[in-house]
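Visitor: task: produce atomic coordinates for the following.
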Amino acid sequence: MVSRKIPVILRSCLIRSEFRVFMSEPKYILGIESSCDDTAAAVIANDKILASVVATQDIHSHWGGVVPELASRAHQQKIVPVVHAALSEAKIKKEQLHAVAYTRGPGLLGSLLVGGAFARGFASALGIPAIAVNHMQAHILAHFISGERPAPVFPFLCLTVSGGHTQIVRVNSTFDMVLLGETTDDAAGEAFDKIAKMLGLPYPGGHLIDKLARNGAAERFGFPEPRVPGFDYSFSGLKTSVMNFLRNATREQPGFIEDNMADICASVQERIVSILLRKFKAAADAQQITQLAISGGVSANSRLRAGLEALAAEGYSVFIPPFEYCTDNAAMIAVTGWLSLKEGHWKHSETAISARLGLQDL
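Guide: Residues are numbered from 1 along each chain as shown. All right, here's what the predicted structure looks like:
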């Protein structure tokens, strides 16, 4: 009787050969992002974006911040129409998809569960892989979305700044990232929004500070810069300093904020950006890395972008993502899913959602 068993070495070669054939054609990936208060879906062909749709949740502006329960309910209402819109815009039928990538964490637990449950169910119904993606890794890998801008070369340093995170990351390869420093309290984006609230600006107020600061004098009010050891950040002290400054100033002059809004915004923004870039440059010099990138929602800030571009004159290579890939979006999730599929860095088994997922969990 002839054995039908294939030798291990031959079987391994056949698997690799089949995988190369599989990867030789464009692979359509659906990305789903639901970590906070934006419901997003994107479709890519390998690393080329075919469609990217984001539905924002305006309800949180009434409460001055994101309400987790309201966010998860809104995701439930919007996820199906957002995915439908992305597939329609990409002119792709769901049966043509090769995988579904979704945000595993970090983020709001309820919001993550909505996106994760939908993605796994959708992928299961189609008989294709569901690829869990680390949200912070995806922000960094947004630089590898196909487009006109060049991507950084490994190894590079990335400053990831958002409403929930502020991190300096050494990126050795797609799935080898080392956290060098992070905030010990508030994130930079959180500091922007909380100070905006002190100024009477609506939520989210970070982009409004940026807008108003363009007509202000950044050197007028000298807010303190914290001295935190290593490459870690702290913004709670700055927030308290601004609060005390505004309280004392308005006590003497009731209309102080309204009369000096542009200068206050410019001075606050200048200090936050100087805190970010001073540590980032120090980390780059310590690591002897000249490739510098930024990512996350705050990377849309005009002063931060200008400050990073100024480093190019000092011999650094600078990489700044397009505005549409700065804030939370599903394109970055989809391209991370594509890279995971391409490099075989994913598992068939279901992966648990994690609200506090770290960069070590890639």
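
Visitor: averaged pLDDT, stretch 340-347. What do you get?
Guide: Averaging pLDDT along stretch 340-347 yields 85.

Visitor: list the buried ones in it?
Guide: By neighbour count on 16 or more other C-beta atoms under 10 Å, the buried set for stretch 340-347 is 340-341, 346. The C-beta positions use only the backbone N, C-alpha and C, and glycine is treated the same way.

Visitor: next step: these restricted to helices.
Guide: 340-341 (DSSP state H).

Visitor: TSV for the buried residues of stretch 340-347, including distance to Gly216?
Guide: Shown next, in TSV, are those (distance: C-beta to C-beta, whole Å):
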residue	distance to Gly216
Ser340	44
Leu341	47
Trp346	47
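
Visitor: and the residue lying closest to Lys194 once chain neighbours are set aside, what element?
Guide: Closest residue to Lys194 apart from its sequence neighbours, by C-beta to C-beta, 6 or more residues apart in numbering: Lys239 at 5.7 Å. Lys239 belongs to helix 236-252 when assigned by DSSP states H and E.

Visitor: next SSE after that helix?
Guide: Sequence-wise, the next helix or strand downstream of helix 236-252 (DSSP H and E) is helix 256-259.

Visitor: quick one: mean pLDDT for that next one?
Guide: What helix 256-259 shows for mean pLDDT is 97.

Visitor: now do the buried residues in it.
Guide: Here helix 256-259 shows 256-257 as buried, counting by 16+ other C-beta under 10 Å.

Visitor: give me the distance between it and the centre of its chain.
Guide: 34 Å (C-alpha atoms, centre = their mean, to the nearest Å).

Visitor: show me where the stretch 151-300 of the chain has strands.
Guide: 156-161, 166-173, 176-182, 291-295 (DSSP state E, counting those that start in this stretch).

Visitor: what angle separates the third one from strand 166-173?
Guide: The one in question is strand 176-182. Orientation of strand 176-182 against strand 166-173 (axes from the mean of the first three to the mean of the last three C-alpha atoms, to 10 degrees) gives an angle of 160 degrees.

Visitor: what do you get for the shortest one?
Guide: Strand 291-295 and strand 166-173 are oriented at 130 degrees to each other (the same axes, to 10 degrees).

Visitor: so what are the sheet partners of strand 291-295 and their directions?
Guide: Sheet pairing for strand 291-295, assigned by DSSP bridges, gives strand 156-161 (parallel), strand 317-319 (parallel).

Visitor: for the lengthiest helix in the chain, name the packing helices and strands.
Guide: Counting by DSSP H, the longest helix found in the chain is helix 261-287. When contacts are defined as 3 or more C-beta pairs under 8 Å, 6 or more residues apart in numbering; DSSP states H and E, helix 261-287 sits against strand 156-161, strand 166-173, strand 176-182, helix 188-198, helix 206-213, helix 236-252, helix 302-311.

Visitor: can you check what angle separates the second one from helix 188-198?
Guide: By that I understand strand 166-173. Counting by the same axes, to 10 degrees, strand 166-173 lies at 160 degrees to helix 188-198.
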